[in-house]
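[1] Coordinates for the following, if possible.
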Amino acid sequence: MKKIALFFVSICLGAASYSQQLPQITQHMINNYAVNPAIAGMYDYYQVKTTIRNQWVGITDAPRTTILSIYGKKNERVGLGGLVFNDQTGPTSRIGGSASYTYSFPLTRSVKMSFALLGGFTQFKITKQGLNIMDPNDLILLGGDLVRSAPDATFGFNMYGNKWYLGAAIPQLLSTNLNLMSDDYTRIYNEVSEGNLERHFYVLGAYKHDFNPFWSIEPSVLLKSVKGANLQADIGVKTTYDDRLWFGMDYRNNEEMAVLLGYSIQERYTIGYSYDIPSSDMSDNSSGSHEFMIGIRFLAANESEITR
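    Numbers count the residues shown, from 1 in each chain. Next comes the predicted model:
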């Protein structure tokens with residue numbers, strides 16, 4: 001019975017991939033605020049972006065993620081932002097909301113630095129009706145659905161110029177411990193589960209190179225590290241035509257690849273799509289992962305952005 005309970009915890013705090021506790025997104029170079037809140041200090045305008053991801057299509061109870069973010073600059077030094085998310089895997093779900101404050105200052109005439117702190121909450125829920133347990137009298141099923149809430153925070157910094165940026169973030173900064181066992185289980189076994197929200201370490205950067213007035217290319221990199229997991233590296237490249245149409249590829253060191261496609265309308269509305277090609281280990285069970293992104297930026301026609 002204890003083995004079942006421990007597996008129960010691992011479902012909730014374990015990774016969707018490579019023991020990462022946080023949702024996976026492929027279009028990180030587009031919705032970069034979802035990775036590092038210090039990005040909010042980099043743009044002269046506010047923007048709203050929504051990411052919807054269906055992972056490992058074809059596998060029952062595979063992860064489904066929705067992220068809604070809004071961010072931008074209040075003035076030359078201060079940026080504000082916030083996001084809400086919902087991440088569901090089978091009978092477990094995780095929702096959260098947070099707001100961020102970013103402070104920017106110049107390092108040189110062409111390089112600036114931003115520091116950000118994002119704070120909010122995270123709520124975990126386990127719907128016991130969705131659990132498949134052989135013994136209907138198992139103590140794990142006592143009581144109703146299990147819900148736990150905890151404060152959450154992210155620290156980030158970002159250094160940027162006209163065509164590039166490089167920064168890092170530490171999500172789940174507080175490393176909160178959650179007791180994901182029911183009160184009845186804790187009382188009977190006198191145990192509390194060790195379910196930590198482990199600190200993650202992200203490094204995100206990109207560089208945009210203009211070949212001519214119409215064509216540009218933007219390589220990017222996202223590194224993810226968390227205790228007990230292998231380093232995950234996403235290396236991507238995005239090619240843009242006329243600041244409207246873009247396409248690209250992303251490669252992860254777990255042998256997964258993704259293709260990206262997107263379009264901007266009147267420099268204000270953005271739509272994007274990515275398809276993750278399943279690795280050889282997953283191809284027999286999954287047809288891949290689909291991710292959609294919609295963005296709106298609130299920018300007057302005569303305003304200019306610091307970086308793209």
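[2] residue ranges with poor pLDDT in the stretch 51-200 of the chain?
    Counting by pLDDT under 70, the ranges of the stretch 51-200 of the chain that qualify are 130-144, 179-195.
[3] Apply 50 and report the result again.
    Within the stretch 51-200 of the chain, the stretches with pLDDT under 50 are 185-192.
[4] For it, just list every one of the helices.
    Under the criterion DSSP state H, counting those that start in this stretch, helices of the stretch 51-200 of the chain are mapped to 183-189.
[5] Would you map the strands across it?
    All strands of the stretch 51-200 of the chain, identified by DSSP state E, counting those that start in this stretch, fall at 64-73, 78-89, 92-106, 112-126, 146-160, 164-170, 177-178, 195-196, 200-207.
[6] Mind putting these into CSV with mean neighbour count and distance to residue 281?
    In this view, the C-beta of every residue, glycine as well, is placed from N, C-alpha and C. As requested, the strands of the stretch 51-200 of the chain are exported to CSV (neighbours: other Cβ atoms under 10 Å; distance: least, Cβ to Cβ, whole Å):
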stretch, mean neighbour count, distance to residue 281
strand 64-73, 21, 21
strand 78-89, 20, 18
strand 92-106, 18, 23
strand 112-126, 19, 27
strand 146-160, 19, 31
strand 164-170, 19, 29
strand 177-178, 16, 30
strand 195-196, 18, 27
strand 200-207, 19, 23
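[7] so which of the ones you listed gets nearest residue 49?
    For those, proximity to residue 49 was assessed by Cβ to Cβ; strand 64-73 is nearest, at 5.3 Å.
[8] rewinding a little: do you know which of the strands of the stretch 51-200 of the chain lies nearest residue 39?
    For the strands of the stretch 51-200 of the chain, proximity to residue 39 was assessed by Cβ to Cβ; strand 146-160 is nearest, at 5.9 Å.
[9] okay, the angle between that closest one and strand 200-207?
    Angle between the axes of strand 146-160 and strand 200-207 is 40 degrees (criterion: axes from the mean of the first three to the mean of the last three Cα atoms, to 10 degrees).
[10] In its sheet, which strands sit next to strand 146-160, and in what direction?
    When sheet partners are counted by DSSP bridges, strand 146-160 sits next to strand 112-126 (antiparallel), strand 164-170 (antiparallel).
[11] Report the buried residues of the one helix or strand residue 249 maps to.
    Using DSSP states H and E, residue 249 maps to strand 245-252. With burial defined by 16 or more other Cβ atoms under 10 Å, the residues of strand 245-252 counted as buried are 246, 248, 250, 252.
[12] Can you list the neighbours in contact with it?
    Under the contact criterion Cβ atoms under 8 Å, 6 or more residues apart in numbering, strand 245-252 has outside partners 26, 218, 232-240, 257-264, 274.
[13] I'd say residue 54 and residue 287 touch.
    No - using Cβ atoms under 8 Å, residue 54 is not in contact with residue 287, being 10.4 Å away.
[14] was I right about residue 24 contacting residue 53?
    Yes - in this structure, residue 24 sits in contact with residue 53. The criterion is Cβ under 8 Å, and the distance is 7.3 Å.
[15] Now list whatever residues contact both of these two.
    Common neighbours of residue 24 and residue 53 (criterion: Cβ under 8 Å, 6+ apart): 63, 65.
[16] give the contact list for residue 171.
    Neighbouring residues of residue 171 by Cβ under 8 Å, 6+ apart: 22, 152, 154, 199-200, 202.
[17] let's see 6 Å
    Contact analysis of residue 171 by Cβ atoms under 6 Å, 6 or more residues apart in numbering lists 22, 154, 200.
[18] Let me see the contact set for the second one.
    What it means is residue 154. Taking Cβ under 6 Å, 6+ apart as the contact definition, residue 154 lies against 37, 118, 169, 171, 173.
[19] Could you do the first one as well?
    Residues touching residue 22, when contacts are defined by Cβ under 6 Å, 6+ apart, comprise 171, 200.
[20] Locate the nearest residue to residue 279 once chain neighbours are set aside within the secondary structure: which element?
    Leaving aside its chain neighbours, residue 279 sits nearest to residue 255 (4.4 Å; criterion: Cβ to Cβ, 6 or more residues apart in numbering). Using DSSP H and E, residue 255 is not contained in any helix or strand.
[21] What about residue 255, how many residues nearby?
    Here the number of neighbours of residue 255 (other Cβ atoms under 10 Å) works out to 12.
[22] what's the answer for residue 161, then?
    As a burial measure, the neighbour count of residue 161 was computed by other Cβ under 10 Å and equals 15.
[23] How about residue 77?
    Other residues within reach of residue 77, judged by other Cβ under 10 Å, total 14.
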